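Peer 1: sharing a model that was predicted from the sequence below.
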Amino acid sequence: MLNRFSGLVVAVMGAVLVFWIIPWQTESVNAGWLKPATLPRIIAIIIFLTGAIQFVFPTGSAAFDLASSLRIGLFFLIALAGIYLMEIVGFVFVAPVLILVIMILIKERRLLWLVSGIFLLPAAIWFCVDFLLDKPLP
């Protein structure tokens, strides 16, 4: 029963993405060969289809794990705090700290990965969004 429920939740979220969030959050443009909503819509349709398949043909067993659910909730709260702080302080200052916190929570201890995540990942995101896409980050 839990498999069917999780499939239903995933399918509903895929439908919400396709019919509400993607049209609301993407721009309409007439230039270019790839419209801004194309790739997100394809991915949302795949999410919907996989959820529907899981709902119709549930396989395996699923169990509710309180510890994992609390951990997921913690990651969600950290992401919300990061989004809020980016609006106030800015991406350049918040992103490295946010990445460091997440990497520590997933128990990453290799120094090279931590340094790469803290410096290279935000710099690459900033470069792609700000310079290549010419869109301002918060």
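Peer 2: The structure has been received and is ready for your questions.
Peer 1: C-alpha from now on. contacts and neighbour counts both.
Peer 2: OK.
Peer 1: how many residues are close by S28?
Peer 2: S28 has 10 neighbours, counted by other Cα atoms under 10 Å.
Peer 1: same question, G7
Peer 2: For G7, the number of neighbouring residues by other Cα under 10 Å comes to 24.
Peer 1: list the contacts for it?
Peer 2: With contacts defined as Cα atoms under 8 Å, 6 or more residues apart in numbering, G7 is in contact with T50, G51, A52, I53, Q54, F55, P58.
Peer 1: how much space between it and W33?
Peer 2: 34 Å (Cα to Cα, to the nearest Å).
Peer 1: V97 now?
Peer 2: Taking Cα to Cα as the measure, V97 falls 37 Å from W33.
Peer 1: more neighbours: the two, which one.
Peer 2: Set side by side, V97 and W33 show unequal neighbour counts under other Cα under 10 Å, the larger going to V97 at 16 against 6.
Peer 1: my guess is that one contacts L121. True?
Peer 2: No - under the contact definition of Cα atoms under 8 Å, V97 does not touch L121, with a separation of 11.6 Å.
Peer 1: list residues touching both of these two?
Peer 2: Once Cα under 8 Å, 6+ apart is applied, it turns out that V97 and L121 contact no residue in common.
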